[in-house]
Every structure is written in C-alpha cells, then in structure tokens.
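Asks: Predicted model and sequence below, questions to follow.
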Amino acid sequence: MERKVVFSGMRPTGRLQLGNLLGALDNWVKLQDEYRCYFCVVDWHALTTAYDDTRSLPENIFEMVTDWLSAGLNPERNVIFRQSDVKAHAELHLLFSMFTPISWLERCPTYKDQIEQLREKNLATYGFLGYPLLQAADILAYRATAVPVGEDQVPHIEMTREVARRFNHLYRQPVFPEPATILNRVKLLPGIDGRKMSKSYGNVIEMSESPEVIRRKVNMMITDPGRIRKNDPGNPDVCTVFSFHGVFGAGGVEELAEVCRRGQIGCVECKKRLAEDLIACLEPVYARRQQLVGKKDYIREILAEGARRAERDSAETMEMVRGAMNLII
Ligand code: TRP
Ligand code: SF4
C-alpha cells in the first residue's frame, strides 16, 4: 500500500493573519482527513533570522498553536509539535550537511532575496545559509511524500528532492521518497489600507479577530478614492472592500460590482455587508479560540504528545539513515 505522509511547518510569528488561514491553514485542515500529517512549529528556523532577540519566542509559539487549533486542526488526528523538541531534525541536518554542496545553498533564490530584504541584519551566518537544508531534514525525517506550502517555498522543496536523491544515490539505499509540493491556492488579500497586508504597516486583520474589531477594521477600509457622494458611480476594481467581497462575500460579487458602478449602493452599506459576511465566515474560528484562551497547559500537553509521536516516527528514519551511512557498529 502506498504510504502518504504530509509534512508542513510554520515559523512562530505569533497570531496569524487572515491570509494564513486562507492560504495555508484551510488547506492543512482539509489534508488532515486524508493523510498522516505532521504540523511543525519550526522554532529553530525562526532563530535563523531572529537570533538576536528571542524573548517573544515562547509567547509566539502559544499564540500560533492556538490559532492552528482554532482553524480546526485536530491534535489527536495529527502530529502537532515543536521542531526543537525533536533532536532528530538537528542530527539529520548535520548528516545532510556532509554531502550538500555549498553552491546549492548559495544559489537558492530565497537566500539572496532575504539578505537583500533584511539588510539591517547580519544574515551572513552559517545557520541562515543552511535554512533550506534544515527544512529538508524536517520533511525527510518523516519520509514525507507531500508538502503543502506557498509559492515562495517551491525552491526549498525542490532542494529537498535533490537532497533525497543524493542520499539514496550515495548510500545505495532507497531511504527517502522525493516529496511532492502541494501548492496552497492563494487568495490575495490587501491590508485595510489597500497596501500589502503586513505587520509593519499596521494594516492587518488577524484570523481570530472579534466581531467588534472586524466591524471597526472594515469601517476603516479604503474604498474607491474617486467616489465622493453616495450615489456617484464607483469603481470596484480599485476598492479594497470589493477585493474582500470577492473572497468572503456570500456570493453575488458580479451583481455588487454592477450596483457599485451604477452608484446604487453606498460604501457604508457595502462595508456593513462585508463585515457581517466576514464575521459569519470566521465565527467557528473565533468560537474555538474563545475556548482556548489562557489554556497554556493544554497547548503544552498537545506539543508534548506531538513531540513523543514525532520522536518515535523520526527514530525509525534515523535507524535507516545510520544504517545506510555505516554509523551502526
Ligand atoms: N520555510 C517555511 C516557511 O517559511 C517553514 C518551514 C520550515 C517548512 N520547515 C518546513 C515548511 C518544512 C514546510 C515543510 O514558510
Ligand atoms: Fe467599494 Fe462597495 Fe463603495 Fe463600491 S460600494 S466603492 S465596492 S465599498
């Protein structure tokens, strides 16, 4: 029987945004019914760029795992764990580093991009160069066959396949499968000011926002700036509110575009409708989060149980790896 194993991870950045729910978590929630899934809080990966200030790490982990559960991930069905709890990731990373050419890592497009983008940080570090190799170790420690990720991660999964191939070839044993990429279908959501949604712009809507906050933030959204009076014709193509209607609206966006263009709906009314649709979509997420707030011990238990299972499963792979590399005497 074919073994299907899904692995994915996220760096612990704290509370997740609407885009994380739509782009990644919704996808994970679907996969959990069909496959054996590992969902990993990659705290070591967070250290590759945030090594200079680690104070918020624990809180960010609690917040993110709370959001995972709020989105509907089932901790019994999946292995939900923290990377730094399972030392096999470090061992496998080290072993892979022995035969991975530095040029593979230097050539990786995300390496150059990030150094460029985070210019205020010194990212000329050993750890940061090895970022994709640590990711390969995460995935291959469970001999995962599929990895759900966003477009930006495609080069990393490609490198994971190359590492798997090279290992199998060098040690003449088919230890690792070459994992496939499951591309998260992204629905691009702007921030409430119409720019890219980003914490640094302060224009973010989080995935577990309360109804009151949703109403307030939708109210602040930028509409068609050319529209002055309520019955001026509007242009939905340049309107942030309209982009959100396209993703969350209860249907009838074509119609809405028409009435907007004819000046038959006011922006206030249009925002009201969006806020209520958004609240309805996020209601289950919000309700689950309310059940989880302040339950750190519960989250701790989930991560501890996840670590036990991940430890057990990765140990199997490590036996095969050590055997193939003649590290067993
Ligand atoms: N690099 C991924 C990101 O930034 C996070 C990650 C680490 C990951 N290890 C992984 C994703 C393994 C998928 C599989 O999004
Ligand atoms: Fe945007 Fe709606 Fe106003 Fe049209 S009516 S400009 S879609 S907020």
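Replies: Alright, I've got the coordinates. Ligands and ions are numbered 1, 2, ... in the order given.
Asks: For the residue of the stretch 51-200 of the chain found nearest ligand 2, grab phi and psi.
Replies: Of all residues in the stretch 51-200 of the chain, Gly194 sits closest to ligand 2, with a separation of 10.9 Å (Cβ to the nearest ligand atom). From N, CA and C alone the C-beta is placed, and that goes for glycine too. The phi/psi pair for Gly194 (degrees, to the nearest 10) reads phi 90, psi -10.
Asks: How about Asp33?
Replies: phi -80, psi -20.
Asks: For the stretch 151-300 of the chain, which residues are neighbours of ligand 1?
Replies: Contacts of the stretch 151-300 of the chain with ligand 1, taken as Cβ under 6 Å from any ligand atom, map to 153, 156.
Asks: In the stretch 151-300 of the chain, what residue spans correspond to strands?
Replies: 180-183 (DSSP state E, counting those that start in this stretch).
Asks: Could you give the number of residues near the residue in the chain that ligand 1 sits nearest to?
Replies: The chain approaches ligand 1 most closely through Gly9 (3.4 Å), counting by Cβ to the nearest ligand atom. The local packing of Gly9 (other Cβ atoms under 10 Å) involves 20 other residues.
Asks: Show me which positions of the strand or helix carrying it end up buried.
Replies: Using DSSP states H and E, the element containing Gly9 is strand 5-10. By neighbour count on 16 or more other Cβ atoms under 10 Å, the buried set for strand 5-10 is 5-10.
Asks: Let's have those in a markdown table, adding pLDDT and distance to ligand 2.
Replies: Output for these, formatted as a markdown table (pLDDT from 0 to 100; distance: Cβ to the nearest ligand atom, whole Å):
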| residue | pLDDT | distance to ligand 2 |
| --- | --- | --- |
| Val5 | 98 | 44 |
| Val6 | 98 | 38 |
| Phe7 | 98 | 40 |
| Ser8 | 98 | 35 |
| Gly9 | 98 | 37 |
| Met10 | 98 | 32 |
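Asks: quick one: which of the residues you listed is nearest Gly202?
Replies: Met10 (21.9 Å; Cβ to Cβ).
Asks: The closest one and Lys4: what is the separation?
Replies: Counting by Cβ to Cβ, to the nearest Å, the gap between Met10 and Lys4 amounts to 21 Å.
Asks: Can you pull the phi and psi angles for Ala146?
Replies: phi -150, psi 140.
Asks: Please apply the same query to Ser208.
Replies: Dihedral angles (degrees, to the nearest 10) for Ser208: phi -120, psi 40.
Asks: pLDDT score for the nearest residue to it once chain neighbours are set aside?
Replies: Leaving aside its chain neighbours, Ser208 sits nearest to Arg289 (4.3 Å; criterion: Cβ to Cβ, 6 or more residues apart in numbering). At Arg289, the model reports a pLDDT of 97.
Asks: Arg289 against Ser70, yeah?
Replies: Yes. Between Arg289 and Ser70 there is a contact under Cβ atoms under 8 Å: 4.1 Å.
Asks: So for these two, which residue has more residues nearby?
Replies: Shown here are Arg289 and Ser70; by other Cβ under 10 Å, Ser70 has more neighbours (24 against 21).
Asks: Count the neighbours of Lys196 for me.
Replies: If we define neighbours as other Cβ under 10 Å, then Lys196 has 13 of them.
Asks: Equivalent analysis for Pro155, please.
Replies: Counted by other Cβ under 10 Å, the residues lying close to Pro155 total 15.
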